[in-house]
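Peer 1: this one's sequence-less:
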């Protein structure tokens, strides 16, 4: 179709969407607001801009050019914030290295991402000493040291970050370039294969930042993050841009507090001393905070807490509510930059006591602005928003990775049919709220319908004699798949498969599940295989079942 | 420079920034929130979307295609809101006709904009009957009627809006296209020459909307417009997108109230009945509201009021404060979409009583996010932000018109040197606040410096015997220009040029102005020429001085 496009006049400035444009407003609004790193460093927004220029000069002097890639291995710090801006602003790519991966995996990702320079905190020097010789493209290492004396290392480094910055100029003329240039990259790990690299352009990050700022600030159902807030991340900065909030905070000119390595007692201390009002973290981190010594004596009321990554339990949410924490949820993944849904509380819900709001606040939320989302059945048909039917979440938005770096087949799978496939199965309520039910690889496809393995597990676990349970789909000629359950019984109980089937039949009779959801085969077993982080290892379980191992 | 650009995987969806994406979230958040038109029509967001589809079907049936232009002559209405979306969403251009122009000017703009279809309210039928025969490209006219019976017309119309919509389908598959396609156009009038057409693309409007939503919602110094607010415009929808707020309101899912033709008493009535919380308007409209009968008895407290277009007086602002109106300012123009600056109140100012905040709230404000702004001297050098030196405001932002439609010379002037020239002269305070001093065509260039004609007028007007005053620059061989004043004296006063020069010398002595600012020639005259809207006509005044007319 032929729309009207008028060529800009020759001298008109096109204003590409570049990360440098996110730096303009914060320092205009609040030049004296602070960036704080632990109890070690604090400086204002005017200095932040100067330090970003210094870092750009340091990198340029080291020969880093547009198109090069700079890897960072650091805890959450002012340095990381500076790298969030300076590296993309000179046209280079920032590789957020996941420091939780094994040395072999880190080496793989650094080679795959084509890293040219590594900025590494002293805590990771031992790992870096193993890795650096393997990453042959790497041209240099910069040491990131807290405090006065740097850790000794066998690596031939280019110097220490603070010393290098101190010697650099405070001005840099940041160039313009194509807004589709890659700004950041990082790797996502599945249960199989090598880590996969996602990547985000300047344009995508600017749009994600504007949209997240608008969602957090302008939607009254949340009202969670505005310019007067004091921000402290509790999702690592190497993990999906710390959910994008450092960019939002800088755009707004909010005070920012970076805590270094997460120690719950230290985090609570920073919260109190720096008057933090907004944080985000996965449920396990938030639970660690709630349980730590310092939290027991602290007044946590008014702390706004965004969670995501996995579903928080109602129990934890209620504990948050009791402590006066304002708790809400967002949803996304590495591939989505990440924010694609967030809690929304209509006025009627906000009028309830906080405890009663919690069931709403822990749900996956409603797609945020500019996000188009559908749930789709096995044939790819869009399903209605009836809160019942389950389908895979597929999404379109201006900030989704456009593929996996150098993985054409996996990229094509991710974007099959022109929609990004999340791999999550959900229903959508008539109110628009998304309810995640399962991962698509774990959902059981039976008789033309999807049955959530998590829901069957949840119902089986309600039987008083059940200690642990795992449900997977096993191949079935007639029904495609059928659920199979493995259950660890409570000690000294007399649990049988038949008793459990009778238990589940109750839920069929009440209409909660259909009869296909009752596993034909239920094994009572001694144990269920787990992953290294304690989750049920369904991949291993399927292998065991295929091999008839118990 | 060569940055890293990774080609998207073949099936990846690029998410162009199209106006249709602004429609996704509002109806998800609050499907039952209302759009209200006077006391005539109210419907919810679900219906809004259906009506936009209906309008798209009506337009398509009439043969309107991508690249065509649809003109609207209407007061502020639900219909206009529907056109804001439906027309661009089918790939056509929406021409907001300025109904305040003369019939000849309207005819000129409609011909120049290449209008294909006209949607015209009954109130403008008489004008349309004159114009339509002149706009030869025009293929049809749709009548916009309030209430039951349409006004009779000699025009051969294609039908009445509501009847056409009622007969149309409620679904439309809106296409994707280039985000740089023109979405809207309208004309700006100067004192000389024909009206000039500015134009905005889908991309520009999406970015202006996101950024304005973020500015109004997330910046605590304002906190003026969020999703629970009830919006009623008092800047016409044909005037620079009603400052962009209808798009913001729809994105957020806020209740919207459209008042039709502005009648102050009716506006106050709507404010009360519909519980309006946010409006915007130029100072003269706000003054009309304050002075009307209905306002005298109404409780206006809590009404958030954004003003712009010209500087509000402190007197008016104080009256607003007394009535409990939360008043603040933004700055922009037709060429800028429009918002490029807005009031910002640091916490220290917000702690003051409202009356004392007013001097801050009426100032032009601080550039909003993503806006790069400088003030430049006559040679194009950037001036410091010292609150003293005056220069022309030049600007870059992702939502500025990229030229004047089919006016290459004026476009090149507008964008000279790669920055958009606003034609406004200002200083910038160290706090970042912009202070507009004059229009560049009125500022007096003398001895290598700029002197604000408005400032000299203001100082002269402080003499008790001065009734009216106008200051313009007149050519001078030595100094380039020198100020010349024409003054109307108070009745029966004995005012002389010498007395006024002595009066001004006092300000030179106190350091407020330099001695070049004292007009060498001061004429005491009987009257000063005015424009049709009562402003001083400086163009005519310059002609009179050149011809030695008094």
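Peer 2: Happy to help now that I have it. Since the structure is predicted, the reported quantities are computational estimates derived from the model, not experimental observations. Residues are numbered from 1 along each chain as shown, chains lettered A, B, ... in the order given.

Peer 1: who's in contact with the residue in the stretch 451-550 of chain A positioned nearest to chain B?
Peer 2: Closest contact between the stretch 451-550 of chain A and chain B, by Cβ to the nearest Cβ, is at residue A:452 (23.7 Å). Where C-beta positions appear, they are placed from N, C-alpha and C, glycine not excepted. By Cβ atoms under 8 Å, 6 or more residues apart in numbering or on different chains, the contact set of residue A:452 is A:390, A:425, A:437-438, A:443-444.

Peer 1: I'd like to know which of those residues is nearest to residue A:406.
Peer 2: residue A:425 (28.7 Å; Cβ to Cβ).

Peer 1: list the contacts for that closest one?
Peer 2: Shown in contact with residue A:425 (Cβ under 8 Å, 6+ apart): A:375, A:390-393, A:436-440, A:443, A:450, A:452.

Peer 1: among those, which are in strands?
Peer 2: Among those, the members falling in strands (DSSP state E) are A:375, A:391-393, A:436-439, A:450.

Peer 1: As a markdown table, the residues you listed with neighbour count, pLDDT and distance to chain B would be great.
Peer 2: Formatted as a markdown table, the ones in strands among the contacts of residue A:425 follow (neighbours: other Cβ atoms under 10 Å in any protein chain shown; pLDDT from 0 to 100; distance: Cβ to the nearest Cβ, whole Å):
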| residue | neighbour count | pLDDT | distance to chain B |
| --- | --- | --- | --- |
| A:375 | 24 | 96 | 14 |
| A:391 | 23 | 94 | 17 |
| A:392 | 23 | 96 | 16 |
| A:393 | 25 | 97 | 15 |
| A:436 | 20 | 91 | 17 |
| A:437 | 21 | 89 | 20 |
| A:438 | 23 | 89 | 23 |
| A:439 | 16 | 88 | 22 |
| A:450 | 23 | 86 | 23 |
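
Peer 1: now for the residues you listed, which pair is the farthest apart?
Peer 2: A:375 and A:439 (14.1 Å).

Peer 1: so where is the stretch 201-350 of chain A shaky, pLDDT-wise?
Peer 2: A:223 (pLDDT under 70).

Peer 1: Quick check, residue A:363 in contact with residue A:434.
Peer 2: Yes: with contact defined as Cβ atoms under 8 Å, residue A:363 counts as touching residue A:434 (7.4 Å).

Peer 1: Now name the helix or strand holding residue A:327.
Peer 2: strand A:326-331 (DSSP states H and E).

Peer 1: That strand near chain B at all?
Peer 2: No: judged by Cβ under 8 Å from any Cβ of the partner chain, strand A:326-331 makes no contact with chain B; its nearest approach is 14.2 Å.

Peer 1: Strand partners (parallel or antiparallel) of that strand?
Peer 2: The strands that strand A:326-331 pairs with in its sheet are strand A:304-307 (parallel), strand A:341-342 (antiparallel) (by DSSP bridges).

Peer 1: Let me know which of those is the nearest to residue B:29.
Peer 2: Using Cβ to Cβ, the nearest of the strands paired with strand A:326-331 to residue B:29 is strand A:341-342, at 10.6 Å.

Peer 1: Helix or strand next in line after that closest one, which one?
Peer 2: Taking DSSP H and E, what comes next after strand A:341-342 is helix A:347-350.

Peer 1: for that following helix, packing partners?
Peer 2: With contacts defined as 3 or more Cβ pairs under 8 Å, 6 or more residues apart in numbering or on different chains; DSSP states H and E, the packing partners of helix A:347-350 are helix A:354-361.

Peer 1: what's the angle between the helix it packs on and strand A:326-331?
Peer 2: Counting by axes from the mean of the first three to the mean of the last three Cα atoms, to 10 degrees, helix A:354-361 lies at 0 degrees to strand A:326-331.

Peer 1: that older thread, not counting its own residues, what contacts the strand holding residue A:327?
Peer 2: Outside strand A:326-331, the residues touching it (Cβ under 8 Å, 6+ apart) are A:222, A:224, A:243, A:280, A:302-308, A:312, A:317, A:320-321, A:338-343, A:345, A:354, A:358, A:361-365, A:434, A:436.

Peer 1: 7 Å instead?
Peer 2: Residues outside strand A:326-331 that contact it (Cβ atoms under 7 Å, 6 or more residues apart in numbering or on different chains) are A:222, A:224, A:304-308, A:312, A:317, A:320-321, A:339-343, A:361-365, A:434.

Peer 1: do stretch A:152-164 as well
Peer 2: Under the criterion Cβ under 7 Å, 6+ apart, residues A:58, A:62, A:79, A:119, A:125, A:128-129, A:132, A:140-145, A:150 lie in contact with stretch A:152-164.

Peer 1: which two in those are spaced the farthest apart?
Peer 2: Longest span within the contacts of stretch A:152-164, Cβ to Cβ: A:58 and A:129, 22.4 Å.

Peer 1: can you give me the helices in the stretch 201-350 of chain A?
Peer 2: A:202-218, A:245-252, A:264-273, A:283-291, A:293-297, A:314-322, A:347-350 (DSSP state H, counting those that start in this stretch).

Peer 1: contacting residues around residue A:420?
Peer 2: Residue A:420 makes contact with A:335, A:394-396, A:400, A:414 under the criterion Cβ under 7 Å, 6+ apart.

Peer 1: go with 8 Å
Peer 2: With the criterion set at Cβ under 8 Å, 6+ apart, residue A:420 makes contact with A:335-336, A:394-396, A:400, A:414, B:12-13.

Peer 1: cool, and residue A:13?
Peer 2: Residue A:13 makes contact with B:396, B:400, B:415, B:418-420, according to Cβ under 8 Å, 6+ apart.
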